[in-house]
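Enquirer: Give me coordinates for this.
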Amino acid sequence: MAKAVWNGVVLAESPDYEVVEGNIYFPPATLKREFVQESATHTVCGWKGTASYYDVVVDGRVNSDACWFYPEAKALAKNIEGYVAFWRGVEVTA
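Expert: The predicted model follows:
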């Protein structure tokens, strides 16, 4: 079971996940969307594609761009298309 927690709140949890470059990617349906807001940030990875970001918001505290996903992943990364990963102080365990 993989779990992502920030400020004591579970943001995503699933027995099914993908690990890419040391990051755990959660299926999109496991993201607790009440704790995220769309961000205007985008980055590009040469083999995965363009990533979009969410800000994580818990009890009024904002962790900017702490969650990312690839809405249209390139061919080599199709297994994580739409899946979400975390960083910036979000504790992820598996």
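Enquirer: Run a quick check on residue 61 versus residue 7, I expect a contact.
Expert: Yes: counting by Cβ atoms under 8 Å, residue 7 is a contact partner of residue 61 at 6.1 Å. For glycine as for every other residue, the C-beta is placed from the backbone atoms N, C-alpha and C.
Enquirer: And these two? Which one has more around it.
Expert: residue 7 (15 against 9; other Cβ atoms under 10 Å).
Enquirer: OK, contacts around that one?
Expert: 58, 59, 61 (Cβ atoms under 8 Å, 6 or more residues apart in numbering).
Enquirer: Do you have the helices of the protein handy? List them.
Expert: Under the criterion DSSP state H, the chain carries no helices.
Enquirer: Okay, and the beta partners of residue 38?
Expert: Beta-bridge partners of residue 38, counted by DSSP bridges, are residue 54.
Enquirer: give the contact list for it.
Expert: So, once contact is read as Cβ under 8 Å, 6+ apart, residue 38 ends up touching 52, 54, 55.
Enquirer: what about stretch 67-78, start to end distance?
Expert: End-to-end span of stretch 67-78 (Cα to Cα, to the nearest Å): 18 Å.
Enquirer: Tell me the gap between it and the middle of its chain.
Expert: Relative to the centre of its chain, stretch 67-78 is centred 11 Å away, using Cα atoms, centre = their mean, to the nearest Å.
Enquirer: In that stretch, which residues are buried?
Expert: Of all the residues in stretch 67-78, those buried under the rule 16 or more other Cβ atoms under 10 Å are 67, 68, 69, 70, 73, 77.
Enquirer: Let me know whether the third one touches residue 52 as I believe.
Expert: Yes: between residue 69 and residue 52 a contact is recorded at 6.0 Å, counting by Cβ under 8 Å.
Enquirer: Tell me the buried residues in stretch 43-57?
Expert: Neighbour counts over stretch 43-57 (16+ other Cβ under 10 Å) mark 48, 49, 51, 52, 53, 54, 55, 56, 57 as buried.
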